[in-house]
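Undergrad: Following is a predicted model, sequence given first.
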Amino acid sequence: MDMAELQGKVCSILAENLSVPEDQVTPASRFQEDLDADSLDLVEAVLALEEEFGVSIPEEEMEGVKTVGQAIQLVAEKLGVAA
Amino acid sequence: MPEERTVALVTGAAKGIGRASALALARAGFAVSVGYRSDADGAEEAVAKARAEGAEAIPVPMDVRDEASIEDAFGRTEAELGPVRVLVNNAGFTKDGLAIRYPMPTWDATLSTNLTGAFLCVRRALPAMLKARWGRIVNVASVAALMGNPGQAAYAASKAGMVGMTKSLAREVGGRGITVNAVCPGFVETAMTSGTPEDLKRRYLEMTPMRRFGTPEEIAAVIAFLARSEASYVNGAVIVVDGGLSA
């Protein structure tokens, strides 16, 4: 999987989980301000990402994640997908 | 969400309030996972009775003090019955003793079974409930959480902890179709309370306006109600079922 494919997958999973149209979810989207996601929404989205990609994302690593791009980066690092 | 064939997991269901709850849920149409730690015979008996009610039921060994054991129990339930939609945190432990001489290992055992055990089960149950946008968590606390009793600092603390946990959880996940409630039984004659000193029992009886102890079935009826679809707007409630003991 390359970065573009990963980005597409993460965005579509997030869109589904946060119940927002897929075209609204871009790497620049901020979870709270742009996507109206509360903390539990975010946790649910992380659970979905963990399940989809078979990775484990501990709570500490989620703390600084404010944008979709940061979430994509986190998953990319776990999977060893280069930017 | 249809009530039929919804899966309920009850911890500590080999006897007492847990068993009565498993049977009440079976009668209400739930498939029941009968969690038990040591009493395999009791669990088998409960399963047989639930099946006699026409319900699907399985016994699952689980020690709520052990996260791996909780994982196994949920895994078996999911594999054999389906995802857990109703969790009844009933497994409980009590040992009375005055605070000043109370053994710390017993304090720890009380907290880890009654409070931490319930929390671990909640954590294991929540992801699937969130996904389904439907779930029922019933925490079996105690009137001891609300009124206190001499000799019960550990037990009361663990049960008051459950009440606090219940209210916070109700706020955390209420928006996702999941209700979290606590039931506070008064004095019910079960294996767990068989060690209660006679003089204390007499005192409870005198304080209880109904002048009798509760039966496991009388507690189970409320627990089963909270699990049902029709209880959908009851959330974060602490329901006392004590014959008026704390009135």
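TA: Sure thing, it's come through.
Undergrad: For the lowest-mean-pLDDT helix or strand in chain A, which helices and strands make contact with it?
TA: The least trusted helix or strand in chain A, going by mean pLDDT, DSSP states H and E, turns out to be helix A:59-62, with a mean of 88. If you count contacts as 3 or more CB pairs under 8 Å, 6 or more residues apart in numbering or on different chains; DSSP states H and E, helix A:59-62 packs onto helix A:39-53. Every residue, glycine included, has its C-beta placed from N, CA and C.
Undergrad: How about the helix it packs on and chain B, any contact?
TA: Yes: remark: helix A:39-53 sits within contact range of chain B at A:40, A:44, A:47, by CB under 8 Å from any CB of the partner chain.
Undergrad: Next, count neighbours for the closest residue in space to the last one that isn't next to it in sequence.
TA: Distances taken as CB to CB, 6 or more residues apart in numbering or on different chains put B:P127 closest to A:L47, at 5.4 Å, once the chain neighbours are dropped. Residues within reach of B:P127, counting by other CB atoms under 10 Å in any protein chain shown, total 16.
Undergrad: Next, the residue nearest the centre of chain A: secondary structure please.
TA: Central residue of chain A (CA atoms, centre = their mean): A:A71, 4.1 Å from the mean position. Three-state call for A:A71 (DSSP: H, G, I helix; E, B strand; the rest coil): helix.
Undergrad: Any residues of chain A in contact with chain B? List them.
TA: Counting by CB under 8 Å from any CB, chain A sits next to chain B at A:40, A:44, A:47.
Undergrad: ok, now with 6 Å
TA: For chain A, the residues in contact with chain B (CB under 6 Å from any CB of the partner chain) are A:44, A:47.
Undergrad: where are the low-confidence patches of chain A?
TA: Residues of chain A meeting the criterion pLDDT under 70: A:83.
Undergrad: again with chain B
TA: For chain B, the ranges with pLDDT under 70 are B:1-4.
Undergrad: quick one, longest strand in it?
TA: Identified as the longest strand of chain B according to DSSP state E is strand B:178-185.
Undergrad: Remind me what it packs against, helices and strands.
TA: Applying 3 or more CB pairs under 6 Å, 6 or more residues apart in numbering or on different chains; DSSP states H and E, we find strand B:178-185 packed against strand B:135-140, helix B:153-173, helix B:216-227, strand B:238-241.
Undergrad: which outside residues touch the second one?
TA: Residues external to helix B:153-173 that are found in contact with it (CB atoms under 6 Å, 6 or more residues apart in numbering or on different chains): B:94, B:99, B:107, B:110-111, B:114-115, B:118, B:139, B:141-142, B:144-145, B:148, B:180, B:182, B:235-236, B:238.
Undergrad: okay, now the closest residue to B:L205 other than its chain neighbours: neighbour count?
TA: Closest residue in space to B:L205, ignoring its immediate chain neighbours: B:R211 at 6.6 Å, by CB to CB, 6+ apart. For B:R211, the neighbour count with other CB under 10 Å is 10.
Undergrad: what's the answer for the one 10 residues further on, then?
TA: One way to gauge burial is a neighbour count; for B:A221, by other CB under 10 Å, it gives 15.
Undergrad: How about B:E78?
TA: 15.
Undergrad: sorry, back to before: out of the helices and strands packed on strand B:178-185, which is closest to B:A57?
TA: For the helices and strands packed on strand B:178-185, proximity to B:A57 was assessed by CB to CB; helix B:216-227 is nearest, at 14.3 Å.
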